[in-house]
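[1] Here is my input, please return the structure:
(chains A and B)
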Amino acid sequence: MRRLPVYLLLDTSGSMRGEPIEAVNTGIRVMVSALRQDPHALETVHVSLITFDHAATVVTPLTALDELQVPVIATPQSGPTHLGLALQTLRGRVLAEVKKSTPASKGDWAPYLFVMTDGKPSDLQVFAEQCPLVRALGFASIIGCVAGPKARKEDLEPLCDHIVTLDTLDSAAFSGFFKWVTSTISGGNKTVGAAASVKLPPPPPEIQVVF
Amino acid sequence: MTDQDSAQNALPRPVERAWTQLLEALRQAGVPSAEEGAYGFGGLPPEVRRVLTFIDRRWPGAYAASDSATKIEETDMPPAPADPPIVATEQPAVDAAEVTPDAAEGMSMAVSKQTILLKNARIDQPYQETIALEGVDELELIDDADTGLALDPEQDAAILKGLPRHSGDFLLRLRGWRADRPCEISAHLAVIPDPKSLWVSKESDREDPFWKPDAVFQRVEGELLCIGASKRGRAHAKDGLFRDDHVGVSVDAASGWHIAAVADGAGSARFSRRGSQIAVDSVIEHLPARLQTHVSPHLDALVAAYLSQAPDAEARLKGQLYRALAAAAFDAAKAIEAEAAAHDQTAAAFSTTLVVGVARKLEDGWFFAAFSVGDGGAAVFDLDAESLTTLSLPDSGEFAGQTRFLHKSEFVDYEAVAKRIFFAVRPSFTAMILMTDGITDAKFPTETLFAQHAQWFAFWRDDLAQAVEFSRANADLQAQLLAWLDFWSPGNHDDRTLAVLVP
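    Down below sits the predicted model:
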């Protein structure tokens, strides 16, 4: 069966500690719950969670929605934001996990990538190298989320098709964001026979689509 | 580290003062005192909850030590057991039998806490999961969260069993003993719903200028029985969206041509339902004259040359078909452009695939031809002769759902267009079938299977023709075919359209 792979790259650097990461955890739980109520998503969506701080960690490899056990993501006390390393890790996973169509096998739907960060990449050179490589993987859409006052949309522009901003790192902002991610995934599910560009659903008031 | 001695975590003096002041403020605010009952986190203003959470995380176990009668509960936490008093903590989920530092941080001296993730259950299906936590024994289930699950009393091991009747996320609570201390386990359980039960069908908006019926059936008769049917998919019905597919069949009695067309409007294009309609209607209207002009007069001679393996017969046949089939498709692309312009839209907003098939009787046998842009496909087969000819080009991208659409830009040079023209000459046949990807994706998942006659024969004999009797005498044909179009295939809920031509 054709799967709709969804990759979530989440910033777990020190600055996410406390309320922000709890809001993210709640957001993911609510998102998975909501997607399970969408029959098409329940049959097709596969989710992978990758976190990045000083390291990049595959918290959940690509897993079917009905088999997924929502993990709780923790943050280290402090540390850099190695987004470039995360992209490198992601690329390895996508190449290994996402199936392309061949005459003898059925390909997956083009995957989605959501990248959430509250800072700027610390490993700028690796990040710059990885952006074009990740873009070449053929994602249906790469959506960036810059959260809080320290993150700038300019940092994610080389990577993303769309960027949204969250002014604050509180639970209202993240719950709004993950709700919107949910409807984007549900929508992506429906564009059966999709053309090149992916249309995003209108965002809730907590988030602004800036790019 | 599983336990933590609260004595090491006595509150620093300023915090203790603030804590005392807070308790006093709560009493004044009318929140029940420690003696009267627990302070529920839920009733507190968010700022206070945040302060309590902060104190608890920074000095774990501190307020259990400073006021052992005070119990604090998170609203989204299970209620704490009445005795002994415990301290509210965050709820980090950890792998079974593993306690993270975060989890340990919040533990009081008396009760250790642990959160585990249970294997997912499925609604109305028997569930069984062994809960094995290292060092924890005498597990009992305190709260089944109304899941109906229970620990199997017959077993020594803790085996959680039952038949969950409701879907959703549940938090079960268990209690056990770890090294002579009580241990409370919060167990997350997801009960997965049955996707079949989640599908709903909402009416599409009849006021929409491009509205069309959710299901159609067409039947025309000539020398062949030509049937067309198209039905809105579950994915569209769920959200009250329109059927993007379209179908048309016709017979030109004068020239003997039987024509069928199916089209699949791109899900991502706003007016694709109109695009598919224009494409099909345009072909049905204009193709007969083009066939009559460019193919009919030469057909017998060209087929004879082709059958005698004359070197240029195939190319010449394709040349004539190009003037009819490809030109009709090009006309359709132009018609879509005109419609888009009339509505101030780009043609991309009307993107659609198109599969056109034609059949005509020869002096001895049958002639078939097809032209297509995009996925879906066409084929003609003969069960008795055990032969199959596919009449379409695999047109899928590297990922599912990626394909080409009927735009003028697809008609740039003869070679590229001509490779989309297919024809077949047969003494007899069972059926010619055209389908959109709503059917091919489910029944012929790969290009390889689409080209295998075994797959087609099984599809016809055991599936389609089993459910639908394709005969002129069958009065129930419409009902049978529309019912068949509802077949269940996980993940395949696109619109479904087919055209069937049988002798």
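[2] phi, psi of residue A:108?
    phi -80, psi 170 (degrees, to the nearest 10).
[3] What is the neighbour count of it?
    Residues near residue A:108, counting by other C-beta atoms under 10 Å in any protein chain shown, number 22. C-betas here are computed from N, CA, C, even on glycine.
[4] Model confidence score at it, please.
    With respect to pLDDT, residue A:108 scores 90.
[5] Pull the contacting residues for it.
    A:2-5, A:98-100, B:399-400 (C-beta atoms under 8 Å, 6 or more residues apart in numbering or on different chains).
[6] One more pass at 10 Å, please.
    A:1-5, A:44, A:46, A:62, A:97-101, B:398-401 (C-beta atoms under 10 Å, 6 or more residues apart in numbering or on different chains).
[7] which ones among these are found in helices?
    Of the contacts of residue A:108, the ones assigned to helices by DSSP state H are A:44, A:97.
[8] Next step: the contacts of residue A:108 restricted to strands.
    A:4-5, A:46, A:62 (DSSP state E).
[9] ok, how many other residues are close to residue B:259?
    26.
[10] Just the buried ones from the contacts of residue A:108?
    A:2-5, A:44, A:46, A:62, A:97-98, A:101, B:399-401 (16 or more other C-beta atoms under 10 Å in any protein chain shown).
[11] Tell me the one among the residues you listed nearest to residue B:261.
    Looking at these and their distance to residue B:261, the nearest is residue B:401, at 21.5 Å (C-beta to C-beta).
[12] So the closest one versus residue B:500, what's the distance?
    25 Å (C-beta to C-beta, to the nearest Å).
[13] Likewise for residue B:224?
    For residue B:224, the distance to residue B:500 - C-beta to C-beta - is 10 Å.
[14] cool, and residue B:140?
    63 Å.
[15] Among those two, which residue is more densely surrounded?
    The residue with more neighbours, out of residue B:140 and residue B:500, is residue B:500; 24 against 11, by other C-beta under 10 Å.
[16] just to confirm, which helix or strand has that one in it?
    In this assignment (DSSP states H and E), residue B:500 forms part of strand B:496-502.
[17] how about that strand against chain A, any contact?
    No: Strand B:496-502 stays clear of chain A (C-beta under 10 Å from any C-beta of the partner chain), getting no nearer than 11.2 Å.
[18] what's the spacing between that strand and its chain's center?
    Chain-centre distance of strand B:496-502: 24 Å, with C-alpha atoms, centre = their mean, to the nearest Å.
[19] Overlap in contacts, residue B:224 and residue B:500.
    B:249, B:260, B:431-432.
[20] got CSV for those, with neighbour count too?
    Putting the shared contacts of residue B:224 and residue B:500 into CSV (neighbours: other C-beta atoms under 10 Å in any protein chain shown) gives the following:
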residue, neighbour count
B:249, 25
B:260, 32
B:431, 21
B:432, 28
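[21] Could you pull out the strands in chain A for me?
    A:4-11, A:45-52, A:56-64, A:112-117, A:141-147, A:162-166, A:207-209.
[22] wait, which of those is closest to residue B:389?
    Set against residue B:389 and scored by C-beta to C-beta, the strands of chain A come closest in strand A:4-11, at 34.0 Å.
[23] quick one: strands adjacent to that closest one?
    strand A:45-52 (parallel), strand A:112-117 (parallel) (DSSP bridges).
[24] Serialize these to a markdown table and add fields for distance to residue B:311 and mean pLDDT.
    Output for the strands paired with strand A:4-11, formatted as a markdown table (distance: least, C-beta to C-beta, whole Å; pLDDT from 0 to 100):
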| stretch | distance to residue B:311 | mean pLDDT |
| --- | --- | --- |
| strand A:45-52 | 52 | 95 |
| strand A:112-117 | 52 | 93 |
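[25] between those, which gets nearest to residue B:202?
    Of the strands paired with strand A:4-11, nearest to residue B:202 by C-beta to C-beta is strand A:45-52, at 21.3 Å.
[26] Now the closest one - C-alpha only, PDB.
    The C-alpha coordinates for strand A:45-52 follow below in PDB (Å, rounded to 0.1, in the frame of the first residue of the first chain):
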ATOM      1  CA  VAL A  45       0.200   8.300   7.100                       C
ATOM      2  CA  HIS A  46       3.500   7.100   8.500                       C
ATOM      3  CA  VAL A  47       5.300   9.400  10.900                       C
ATOM      4  CA  SER A  48       9.000   9.700  11.800                       C
ATOM      5  CA  LEU A  49      10.300  12.000  14.600                       C
ATOM      6  CA  ILE A  50      13.800  13.200  14.500                       C
ATOM      7  CA  THR A  51      15.100  15.600  17.200                       C
ATOM      8  CA  PHE A  52      18.200  17.700  17.100                       C
END
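[27] Kind regards, and thank you for your time.
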